[in-house]
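[1] Sequence first, then the predicted structure, then my questions.
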Amino acid sequence: MIQITPAIAIDEREIHEVFIRASGPGGQHVNKVASAVQILFHVTGSLSLTKDVQQRLIKISGGRITEDGILIPKSCINYFQKKVMLLISANYRNVGLA
């Protein structure tokens, strides 16, 4: 579980990672290899969040949520798994759940 606040935790299995090509400068491999991670979280399909919290997250997420209820935080990060999980938690705090 990823602890977001003392009252809210998200099951790690509800967060999906998609490896994408990072934008910006990066040497000879830029735009050739998947060097960034895009985080996807299906807000409306989450069993970890109450309906109330889901609706609040949808309301404050703006353009970062798809019609299907999938939250795509703006930040792209590198492959390191522990760093990914720490940044996921920080992203959810940034959208007002903390």
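    That came in fine, so what should we check first? Residues are numbered from 1 along each chain as shown.
[2] show me what contacts Gln54?
    When contacts are counted by Cβ atoms under 8 Å, 6 or more residues apart in numbering, Gln54 is found next to 43-44, 46, 69. C-betas here are computed from N, CA, C, even on glycine.
[3] Which pair of the residues you listed spans the longest distance?
    Checking the contacts of Gln54 against each other with Cβ to Cβ, the farthest-apart pair comes out as Ser46 and Gly69, at 8.8 Å.
[4] Strands - which of the contacts of Gln54 land there?
    Secondary structure defined by DSSP state E assigns none of the contacts of Gln54 to strands.
[5] Now render these as JSON lines, adding neighbour count and distance to Met1.
    Formatted as JSON lines, the entries for those read as follows, by neighbours: other Cβ atoms under 10 Å; distance: Cβ to Cβ, whole Å:
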{"residue": "Val43", "neighbour count": "20", "distance to Met1": "17"}
{"residue": "Thr44", "neighbour count": "15", "distance to Met1": "20"}
{"residue": "Ser46", "neighbour count": "19", "distance to Met1": "12"}
{"residue": "Gly69", "neighbour count": "16", "distance to Met1": "21"}
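[6] which one of those is nearest Ile58?
    Closest to Ile58, out of all of the contacts of Gln54 and judged by Cβ to Cβ, is Val43, at 6.0 Å.
[7] so who does that closest one touch?
    With contact taken as Cβ under 8 Å, 6+ apart, Val43 is in contact with 49, 54, 57-58, 61, 65, 69-71.
[8] how about a cut-off of 10 Å?
    With Cβ atoms under 10 Å, 6 or more residues apart in numbering as the criterion, the residues that contact Val43 are 14, 49, 53-58, 61, 65-66, 68-71.
[9] mind listing what the residue lying closest to Leu40 once chain neighbours are set aside touches?
    If you skip the residues right next to it in sequence, Leu40 has His16 as its closest partner in space, 4.4 Å away by Cβ to Cβ, 6 or more residues apart in numbering. By Cβ under 10 Å, 6+ apart, the contact list for His16 reads 38-42, 70.
[10] Count the residues that sit near Leu40.
    14 (other Cβ atoms under 10 Å).
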